[in-house]
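Engineer: Could you work out the structure for the sequence below:
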Amino acid sequence: MNVVIIIPAIDPDGKLKNLVDELRSRGFTRFIVVDDGSGAESEELFADLELDGAHVLHHAVNLGKGAALKTGLSAVRTLFPEAAHVVTVDADGQHLPKDVERVARAAEGSHDHVVIGTRDLQDRNVPLRSRIGNAFSSIYFKLDTGLGCPDTQTGLRAIPVSLLSFALSVPGMRYEYEMNFLTAVAKRSIPLVMVPISAVYMDGNAGSHFSTMRDSLRIFDQFFRFTGNSIVCAVVDLLIFALISSALNLQTAVLVTLATVVARLASGVLNFGLNRGFSFQDLGSGSGDVRTQGVRYTMLFLVQMCASALLVVALSIMPLPLVMVKAFVDGSLFVLSYFVQRNWVFKRDTHMQAVRAKGGKRGEVKSKKTYSAI
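Structural biologist: Predicted coordinates:
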């Protein structure tokens, strides 16, 4: 098979050596192992892998799984320029050699699609935190791209060499890179093929370096920034309403209308600025055309406000307090607004994205085997 196996690793144990040996027995001959800042106790293992013919590349310090994958992807051009595909594999024993071969076989004969090994996450062996995390990320992925993917967190993927520059242009240095890459593949309409693989979790996945809290914040960082900005703007809206309603002596209906309109406009302008310059900055929102973004945001703002009123009225027939109905409606519209802003209002400029993708070679490996940055 004309493929290169890329394995990012940090402080690996004997399972890594066993994995490489078993893959060799299945006909794989090209290996790039990226040591992502492992301790001295791993030096002998990496030396053994090199003696057996694997190319071991070292990060001087831990840079993250995304950075390790990019180092491996960059090295392919120099070390194996004739390769057709790369297959990324985890070092902790989660991917069985037979599944690696199955994914590699599925990728053969095509140079334009990405293959991912998809686990059955309803299996009893899957820890609860992994089920919940994958379920949430799958829903997020569906809302964001329109495509269903039951296992967005799988690290077993086959990528054609023709997409290396594209893969290197995707942002992310740690676990968020894998989700970013999958999302970018879907939004670029690159065919995505899902191959069933085994769900392997040894000792409750105790060997994983994934931090549920820290790395989840990285993966969904944009949504959390959007939520934080919205909370700030809601507070500003309330404060302005309170100031106007207490400062002016007008008829109640006029006062409430005036205070609501002024407060909503002010908080809306603030929200637009924060989302453009902070929430969606990784989409290049700050360099986009502010007038186009402003018009789109205003349209969304008006539609969302009207939809809120109409839906609350329509659902008021339900045997629930009106406040609960409004909370449900506005909560749903809030989530919908995030994806509309991400995929329409502040959508990445595809021309600029293509330009950046052509510059993906900036992270290529030359001849050194120690890397402190990509």
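
Engineer: Now the phi/psi pair for residue 272, please.
Structural biologist: Dihedral angles of residue 272 (phi, psi; degrees, to the nearest 10) stand at phi -60, psi -50.

Engineer: Then residue 127?
Structural biologist: The phi and psi values for residue 127, taken as degrees, to the nearest 10, are phi -60, psi 150.

Engineer: And it, how close does it get to residue 11?
Structural biologist: According to CB to CB, to the nearest Å, residue 127 stands 21 Å off from residue 11. Using the backbone N, CA and C atoms, a C-beta is placed for each residue, glycine as well.

Engineer: swap in residue 26?
Structural biologist: Remark: distance between residue 26 and residue 11 (CB to CB) = 26 Å.

Engineer: Between those two, which has more neighbouring residues?
Structural biologist: residue 11 (16 against 12; other CB atoms under 10 Å).

Engineer: And the helices in this structure, which stretches?
Structural biologist: 14-25, 43-51, 65-79, 97-107, 128-145, 164-169, 176-187, 212-219, 221-247, 252-274, 290-315, 322-340, 350-358 (DSSP state H).

Engineer: What mean pLDDT does the second one get?
Structural biologist: Put plainly, it is helix 43-51. In this model, helix 43-51 has a mean pLDDT of 94.

Engineer: Quick check, residue 184 in contact with residue 170.
Structural biologist: Yes. Assessed by CB atoms under 8 Å, residue 184 is found in contact with residue 170 at 5.0 Å.

Engineer: circling back to that earlier point, would you list the helices of the chain in TSV and tack on distance to residue 196 and mean neighbour count?
Structural biologist: Formatted as TSV, the helices of the chain follow (distance: least, CB to CB, whole Å; neighbours: other CB atoms under 10 Å):
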stretch	distance to residue 196	mean neighbour count
helix 14-25	19	17
helix 43-51	29	14
helix 65-79	23	23
helix 97-107	8	19
helix 128-145	15	16
helix 164-169	23	21
helix 176-187	17	21
helix 212-219	24	15
helix 221-247	29	15
helix 252-274	42	15
helix 290-315	39	14
helix 322-340	28	15
helix 350-358	31	13
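
Engineer: is it possible to export those helices to TSV including distance to residue 35?
Structural biologist: TSV is the format used below for the helices of the chain (distance: least, CB to CB, whole Å):
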stretch	distance to residue 35
helix 14-25	10
helix 43-51	6
helix 65-79	8
helix 97-107	20
helix 128-145	26
helix 164-169	19
helix 176-187	18
helix 212-219	20
helix 221-247	26
helix 252-274	40
helix 290-315	43
helix 322-340	38
helix 350-358	28
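
Engineer: Would you map out the domains in this protein?
Structural biologist: 3-219, 222-354 (automatic domain parsing).

Engineer: The first one: how far from the chain's middle?
Structural biologist: Taking the mean C-alpha point of domain 3-219 and that of its whole chain, the gap between them comes to 14 Å (CA atoms, centre = their mean, to the nearest Å).

Engineer: where are the low-confidence patches of the stretch 151-300 of the chain?
Structural biologist: 201-219 (pLDDT under 70).

Engineer: now with 50?
Structural biologist: 204, 206 (pLDDT under 50).

Engineer: For stretch 47-66, measure first residue to last.
Structural biologist: Start and end residues of stretch 47-66 are separated by 23 Å (CA to CA, to the nearest Å).

Engineer: Then stretch 40-58?
Structural biologist: End-to-end for stretch 40-58, by CA to CA: 12 Å.

Engineer: Just the residues contacting it, thanks.
Structural biologist: 9, 11-14, 16-17, 20-21, 24, 29, 31-35, 38, 71-72, 75, 79, 365, 369-371 (CB atoms under 8 Å, 6 or more residues apart in numbering).

Engineer: now do stretch 327-343
Structural biologist: Stretch 327-343 has contacts (CB under 8 Å, 6+ apart) with 143-144, 187, 222-223, 226, 230, 275, 279-280, 283, 297, 300, 304, 307-308, 311-312, 315.
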